[in-house]
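need a 3D model of the following:
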Amino acid sequence: MLNAHRALRRDITKLRIILTATMCDDIPHLKRIFEECVKSVQPEKLIRTQVGLRERHLCVNGQTFELKRPCHVVGFGKAVMGMALKIETILGPDLQRAVVTIPQGLISRAAEKSRVEFIEGARNNLPDDAAMRGALEIKNLAEGLTEDDLLIVLISGGGSALLPLPKPPVTLQEKLTLVRDLSRSGADIAELNTVRKQLSLLKGGGLAKIAYPAKVVSLVLSDVVGDPLDVIASGPTVPNRTTADNAVRILEKYSLYATTSDRVKSALLNQFGEEPVTRFPHVTNFVIGNNAIASAAAVKAAACSGFQAVVVSNRVEGTVDDVAKLYATLARKVMEAATADAAKTDLEGFLTRLPWKTEEGAVERVLRWDFSRKMLFVFAGETTVVVTGGGTGGRNQQLALAFSIALNNAETADVSFLSGGTDGIDGPTEAAGAAAYGGMVADCSRQDINPRDYLENNDSHGFYSAFDGGRFLVKVGHTGTNVMDMHLLAVSPGH
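Residues are numbered from 1 along each chain as shown. Down below sits the predicted model:
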């Protein structure tokens, strides 16, 4: 009798494995599609396809800039190492000097052999003395240029932390403390950036001012929704339209001006009455990479896996909980439309009412699909997590887990979802993100795992490490790029 019970349990376990594999067999496809997204925005590839050198002219996306003498390069951000190495190859002897700051611990062997001066700093993406030394080297290089010089500026996400150079007499610690206190007081990102830029030498157009009268060409890899150049790395080559007066009013709004240091007050008062610069004629900015490129790569890769695919929006923002519920609702409405044509009107209404700008023609393309075939909805952007627990994870793992709970419905077992950060790093973990499927919550109960407990403790990494041996974690390692996050939602009615 005991052997019979053991045999029955083995059979049940095998059946569960088979059922789980059936319900989430699109997930391997989603992982491959995500990897293609990352490949499409590798800095080296973006530089190679958009930048060249012909007859002593730098060519960028159809525009040319004469090199009267060997040019200079500066850079800062998580993805600029690959950009700098490729620029070095393109310029060859026409590169005079290059100074590039990158995150601590990311330097490669190729970088160690390069002529580029790579300076590591900003451990854990926090401004520090090492990053400030790098920023000072960049300043010194830029302020020695003449009108016959060309300065190439390489910018990517994480650049703000790698370019900390406060305006004298403010110290780095004073500036960091003030911005932290503002954040804790409830200041929004626009207010934080206004104060940060007014206390920085290089941010908010400061680098462009120092480099004048040299020609400046900046190559930007965007990690911000909508690609706002004044926000990416705090806009070092873009005019700052805010003033010291604005910064003081913000500090007063949160009752911080009276208690801030005399050095901070002095730095702000010295700029009082200055009119903001509206344009830099000597600067040309190019966005050479963003999540639109990664999204297009997702659609192309999805077609190779048999999906009908569309980019719905590249501007996803909002809390993880809200976004997860929207995606789960979309999945249900697609399933309903697959079984009843009348439900397509409801799906159309839902898509047009999404809180983010949708890509032109996306809704129309969806309505023309064959709803008996596999479908992939591509989203990109950046969500936020409200932290109330003490667990470990990141916004992508949290989103995948929240989606599986929001979707908890046996009728949607042929829905799969993946959320991954294109930089390969999701919070303080080794994963880029995670995947989920319609039957995940039911399978959790059979493994004596309560996903809601993990979600409430902000322990999405703990959940995915425990569930099914970590099979649904997405791990690609440090990718050397960053264009925010990809969200891939697959619905396969034919399963």
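
residue contacts, the nearest residue to Ser200 once chain neighbours are set aside?
Distances taken as Cβ to Cβ, 6 or more residues apart in numbering put Gly206 closest to Ser200, at 6.0 Å, once the chain neighbours are dropped. For every residue, glycine as well, the C-beta is placed using N, CA and C. The contact partners of Gly206, by Cβ atoms under 8 Å, 6 or more residues apart in numbering, come to 197, 200, 236, 240.

count the neighbours of the closest residue in space to Gly390 that isn't next to it in sequence for me.
Among residues not flanking Gly390 along the chain, Asn457 sits closest, at 6.4 Å (Cβ to Cβ, 6+ apart). Asn457: 16 surrounding residues under other Cβ atoms under 10 Å.

show me the domain layout of the protein.
24-40+292-491, 43-289 (automatic domain parsing).

just send those back as CSV, with mean pLDDT too.
Below are the domains of the chain laid out as CSV (pLDDT from 0 to 100):
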stretch, mean pLDDT
domain 24-40+292-491, 95
domain 43-289, 94
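
measure Pro355 to Pro428 for me?
29 Å (Cβ to Cβ, to the nearest Å).

same question, Ala135
25 Å.

and those two? Which one has more around it.
Higher neighbour count among Ala135 and Pro428: Ala135, with 29 against 10, using other Cβ under 10 Å.

so the more buried one sits in a helix?
Yes: according to DSSP: H, G, I helix; E, B strand; the rest coil, Ala135 belongs to a helix.

just give me the neighbour total for the nearest residue to it once chain neighbours are set aside.
Distances taken as Cβ to Cβ, 6+ apart place Leu165 nearest to Ala135, at 4.2 Å, with adjacent residues excluded. The local packing of Leu165 (other Cβ under 10 Å) involves 24 other residues.

one more: Gln271?
Gln271 has 15 nearby residues by other Cβ under 10 Å.

who's in contact with the closest residue to it other than its chain neighbours?
Of all residues not flanking Gln271 in the chain, Ala244 sits nearest, at 3.8 Å (Cβ to Cβ, 6+ apart). By Cβ under 8 Å, 6+ apart, the residues touching Ala244 are 198, 268-272, 274.

please verify my assumption that Val231 contacts Asp223.
No: counting by Cβ atoms under 8 Å, Val231 stays clear of Asp223, with 9.6 Å between them.

which of those two has more neighbours?
Taking other Cβ under 10 Å, Val231 and Asp223 do not tie; Asp223 has more neighbours (29 against 18).

if I've got this straight, Val378 is in a strand?
Yes: according to three-state DSSP, Val378 belongs to a strand.

who does it form a beta bridge with?
Assessed by DSSP bridges, Val378 has beta-bridge partners Val311, Leu488.

of the contacts of Ala244, closest to Asp468?
For these, the minimum distance to Asp468 (Cβ to Cβ) is 50.5 Å, reached by Gln198.

list the contacts of the closest residue to that closest one other than its chain neighbours.
Distance criterion Cβ to Cβ, 6+ apart; nearest residue to Gln198, sequence neighbours excluded, is Ala247 at 4.1 Å. By Cβ under 8 Å, 6+ apart, the residues touching Ala247 are 194-195, 198-199, 268.

does Ala247 lie in a helix or a strand, and which?
helix 244-253 (DSSP states H and E).

check Glu35 too.
helix 27-40.

following that helix, which helix or strand shows up next?
helix 43-50.

residues making contact with that following helix?
Under Cβ under 8 Å, 6+ apart, the answer for helix 43-50 is 39, 60-61, 79-83, 85-87, 90, 156, 219, 221, 286, 288-289, 293, 480-481.

filter those residues to the buried ones?
60, 79-83, 85-87, 90, 156, 219, 221, 288-289, 293, 480-481 (16 or more other Cβ atoms under 10 Å).

among these, name the ones in helices.
Among the buried ones among the contacts of helix 43-50, the members found in helices (DSSP state H) are 80-83, 85-87, 90, 293.

quick check, nearest of the residues you listed to Asn140?
Using Cβ to Cβ, those come closest to Asn140 at Val80, 18.4 Å.

what about Leu151, distance to Ala296?
From Leu151 to Ala296 the distance is 31 Å (Cβ to Cβ).

more crowded one of the two?
Between Leu151 and Ala296, counted using other Cβ under 10 Å, Leu151 has the larger neighbour count: 25 against 15.

my guess is that one contacts Arg69. True?
No: with contact defined as Cβ under 8 Å, Leu151 does not reach Arg69; the gap is 11.8 Å.

gap between Glu382 and Asn193?
Taken as Cβ to Cβ, the span from Glu382 to Asn193 is 16 Å.

I misspoke; the intended subject was Pro493.
45 Å.

Ile449 too?
For Ile449 relative to Asn193 (Cβ to Cβ), the value is 41 Å.

returning to that earlier point: tell me what the helix holding Glu35 is packed against?
helix 291-304, strand 415-421, strand 433-437, strand 485-491 (3 or more Cβ pairs under 8 Å, 6 or more residues apart in numbering; DSSP states H and E).

got JSON lines for those, with distance to Asn125 too?
Listed next are these as JSON lines, based on distance: least, Cβ to Cβ, whole Å:
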{"stretch": "helix 291-304", "distance to Asn125": "19"}
{"stretch": "strand 415-421", "distance to Asn125": "13"}
{"stretch": "strand 433-437", "distance to Asn125": "18"}
{"stretch": "strand 485-491", "distance to Asn125": "16"}
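
nearest to Glu348, out of these?
strand 485-491 (15.7 Å).

report the angle between that closest one and strand 433-437.
Angle of strand 485-491 versus strand 433-437, following axes from the mean of the first three to the mean of the last three Cα atoms, to 10 degrees, is 10 degrees.

how far does strand 485-491 sit from the chain's center?
15 Å (Cα atoms, centre = their mean, to the nearest Å).

and that strand with strand 415-421, angle?
Using the same axes, to 10 degrees: strand 485-491 against strand 415-421 is 170 degrees.

other SSEs contacting strand 485-491?
helix 27-40, helix 291-304, helix 320-339, strand 375-381, helix 395-407, strand 415-421.

packed most tightly, which of the ones you listed would that be?
strand 415-421 (a mean of 30; mean count of other Cβ atoms under 10 Å).

what is it packed up against?
helix 27-40, helix 320-339, helix 395-407, strand 433-437, strand 485-491.

closest to Thr177 out of the ones you listed?
That would be helix 395-407 among those, by Cβ to Cβ, at 26.2 Å.

give me the angle between that closest one and helix 320-339.
50 degrees.

put the alpha carbons of stretch 450-464 into CSV.
Taking Å, rounded to 0.1, in the frame of the first residue of the first chain, the C-alpha atoms of stretch 450-464 are listed here in CSV:
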residue,chain,number,x,y,z
ASN,A,450,2.1,31.9,-0.5
PRO,A,451,3.0,34.5,-3.2
ARG,A,452,1.0,37.3,-1.5
ASP,A,453,3.2,37.1,1.6
TYR,A,454,6.3,37.6,-0.6
LEU,A,455,4.6,40.4,-2.5
GLU,A,456,3.6,42.3,0.7
ASN,A,457,7.1,41.9,2.1
ASN,A,458,8.6,43.3,-1.2
ASP,A,459,10.5,40.0,-1.4
SER,A,460,9.9,39.1,-5.1
HIS,A,461,13.4,37.7,-5.4
GLY,A,462,12.9,35.5,-2.4
PHE,A,463,9.7,34.2,-4.1
TYR,A,464,11.2,33.5,-7.4
